[in-house]
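In: Okay, predicted coordinates and the sequence, questions at the end:
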Amino acid sequence: MQPKVETRTVTVTEVVYLSPPADLLRSCLPTTAFKVATNADGIDYSNWLESLLQRCNSQINLIEQWASGISEGQNNEPPDK
């Protein structure tokens with residue numbers, strides 16, 4: 001009697017961790033000191049801080065768009081090795 005040959009398909013799952021593009025992960029903290037000596041300097045400083053907040057908000061929105069694309073099955077393929 002000959003042995004029975006059985007063929008099976010084996011599936012191996014590989015976990016691929018994705019992260020947002022590096023340019024969206026830049027720090028929003030000020031990197032330079034701002035000297036406020038006059039009221040005009042205070043207004044400039046306030047405008048500068050507001051621009052930092054707007055940039056951070058934009059980064060958050062882009063990360064959320066990126067993440068929603070991942071959860072919908074878009075852009076979730078690992079890069080070619």
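Out: Okay, I see it.

In: When you work out contacts or count neighbours from here on, use the C-alpha atoms and nothing else.
Out: OK.

In: Could you list which residues are in contact with Leu53?
Out: Cys28 (CA atoms under 8 Å, 6 or more residues apart in numbering).

In: and it, which of the three is it?
Out: Following DSSP: H, G, I helix; E, B strand; the rest coil, Leu53 is assigned to helix.

In: Please determine how far it is located from Ser46.
Out: Leu53 is 11 Å from Ser46, where distance means CA to CA, to the nearest Å.

In: Let me know how buried Thr11 is, in neighbour terms.
Out: 6 (other CA atoms under 10 Å).

In: no, scratch that, I was asking about Arg8
Out: Applying other CA under 10 Å, I find that Arg8 has 5 neighbouring residues.

In: same deal with Met1?
Out: Neighbours of Met1 under the rule other CA under 10 Å: 3.

In: Tell me which residues touch it, please.
Out: Per CA under 8 Å, 6+ apart, neighbours of Met1: none.

In: Kindly provide the distance from it to Ser51.
Out: Counting by CA to CA, the gap from Met1 to Ser51 is 81 Å.

In: swap in Thr32?
Out: Distance from Thr32 to Ser51, by CA to CA: 14 Å.

In: neighbour-wise, which of those two wins?
Out: Shown here are Thr32 and Ser51; by other CA under 10 Å, Ser51 has more neighbours (12 against 6).

In: residues contacting Glu6?
Out: Glu6 touches nothing, counting by CA under 8 Å, 6+ apart.

In: any idea which helix or strand carries Asn61?
Out: Element membership of Asn61 [criterion: DSSP states H and E] is helix 39-71.
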